[in-house]
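Novice: Structure for the following, please:
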Amino acid sequence: PNEYNLFVLVSVYRELGLYDEALDVVHSMRILFPLSPEVVSIQADIMAAQGDYEKAADVLRFAILLQELSTQETTTSHLALAEALLANGDLDEAADEIAYALSQNRFSAPGHTLRGQLALANNDHEGAIRAYQRAFELDPSQVGVYVALSNELRQKGGTPNDVMVLLQIALREESDEPTLLLALGDQWQRLGETDAAIDAYQAALEQLAPYNQNAGPQFRSLGNSRAFAFSRVAASYEDQGDIEAALNYYRSAIVAAPEAAWTHLLFGDAMRRQDKITRAVEAYETALTLDSEEVETFIRLANLYSAKGDEESACLLYTSPSPRDQRE
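Specialist: Numbering: from 1, shown residues only. So this is what the prediction gives:
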């Protein structure tokens, strides 16, 4: 095996969440290529993915040392180190790493994104907005930056039109990105444009179709993503008063993610709004079967029994401890 093939194998293991297998390959690579900064960096990346940020930071410092000894560019590694330090709560050290990286490349979108995350960690929301705006200006194709910036703008009193401007810029760069199309639908909903919202959700569903190559890396969560889009379409039709279409889309959400309790919960809510109590109870009970830890489902089902006059069943649900409570 050459170094490239081993990197591919590690990448596949990491994508599948098989971190122990990935680290086994990396340890072999460390023996074969002891002075390779790339091998050390990927080891740190896997450690960070496992949540072992402190060890990841130590390994990244060694990778930076190797890069410096071989006169390689270190900006990306300093940013990776800053990200690990941020995740570990070492804010002062993270600030130093971000400052160094931006001093080497002030046009680094990831650097300004991390600067925004650092500002948020320090409860500096205005600073976070400025940093995210700069990152967005430098690279509007980064979905995560759009999401972070739009969230901050909403919390600080930004209008739907402010967010829509950002979203349209991002869509010019990534017109087929499902996350952005779903966000576009939400924005049209906030602006009261239900037809436009439905069009955006439908476009997202097209991109999330199993046969669409754009679904690529998200294949493992594709069902949940499609279910979310279906549920948004359903809610839009329900707002318009087209109940038959709405219920069809709620059912489509269940088909897309049958093991997700929340799809059954939403269908139960829709059934209850249509005064179809028996169907609502069935949906809530299915949701509880799939996720007996979800307190909201207990409450909704109990309220439904109470509304039907079945106070005994309602009382049992209100007072019965969840499996989590029983374990505690």
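Novice: burial measure for residue 38, as a count.
Specialist: Look at residue 38: counted by other C-beta atoms under 10 Å, it has 15 neighbours. For every residue, glycine as well, the C-beta is placed using N, CA and C.
Novice: how far away is it from residue 76?
Specialist: 11 Å (C-beta to C-beta, to the nearest Å).
Novice: go on, residue 179?
Specialist: For residue 179, the distance to residue 76 equals 24 Å [C-beta to C-beta].
Novice: do residue 86 as well
Specialist: In terms of C-beta to C-beta, residue 86 sits 16 Å off from residue 76.
Novice: Give me the more crowded residue out of those two.
Specialist: For residue 86 and residue 76, the more surrounded residue by other C-beta under 10 Å is residue 86, and the numbers stand at 21 against 18.
Novice: Next up, identify which helix or strand the more buried one is on.
Specialist: helix 75-87 (DSSP states H and E).
Novice: Counting by contacts, list what the following helix or strand past that helix packs against.
Specialist: For helix 75-87, the following helix or strand on the C-terminal side (DSSP H and E) is helix 91-104. On a contact count with 3 or more C-beta pairs under 8 Å, 6 or more residues apart in numbering; DSSP states H and E, helix 91-104 meets helix 75-87, helix 109-121.
Novice: Reformat those as TSV; add mean pLDDT and distance to residue 148.
Specialist: As requested, the helices and strands packed on helix 91-104 are arranged in TSV below (pLDDT from 0 to 100; distance: least, C-beta to C-beta, whole Å):
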stretch	mean pLDDT	distance to residue 148
helix 75-87	94	13
helix 109-121	93	6
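Novice: Next, format these as TSV and append distance to residue 9.
Specialist: Output for the helices and strands packed on helix 91-104, formatted as TSV (distance: least, C-beta to C-beta, whole Å):
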stretch	distance to residue 9
helix 75-87	21
helix 109-121	26
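Novice: So which of those helices is nearest residue 3?
Specialist: Nearest of these to residue 3, taken as C-beta to C-beta: helix 75-87 at 18.1 Å.
Novice: which strands and helices sit next to that closest one?
Specialist: Against helix 75-87 (3+ C-beta pairs under 8 Å, 6+ apart) you get helix 37-49, helix 53-69, helix 91-104, helix 109-121.
Novice: swap the cut-off to 6 Å and go again
Specialist: Taking 3 or more C-beta pairs under 6 Å, 6 or more residues apart in numbering; DSSP states H and E as contact, the helices and strands that helix 75-87 lies on are helix 53-69, helix 91-104, helix 109-121.
Novice: quick one: which of those helices is nearest residue 168?
Specialist: Per C-beta to C-beta, nearest to residue 168 of the helices and strands packed on helix 75-87: helix 109-121, 18.7 Å.
Novice: could you dump that closest one to CSV, C-alpha only?
Specialist: Taking Å, rounded to 0.1, in the frame of the first residue of the first chain, the C-alpha atoms of helix 109-121 are listed here in CSV:
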residue,chain,number,x,y,z
ALA,A,109,-12.3,32.6,5.4
PRO,A,110,-11.9,29.6,7.9
GLY,A,111,-9.7,32.0,10.0
HIS,A,112,-12.4,34.6,10.3
THR,A,113,-15.0,31.9,10.9
LEU,A,114,-13.0,30.6,13.9
ARG,A,115,-12.7,34.2,15.0
GLY,A,116,-16.5,34.4,15.1
GLN,A,117,-16.7,31.2,17.1
LEU,A,118,-14.1,32.6,19.5
ALA,A,119,-16.2,35.8,19.9
LEU,A,120,-19.3,33.7,20.6
ALA,A,121,-17.4,31.7,23.2
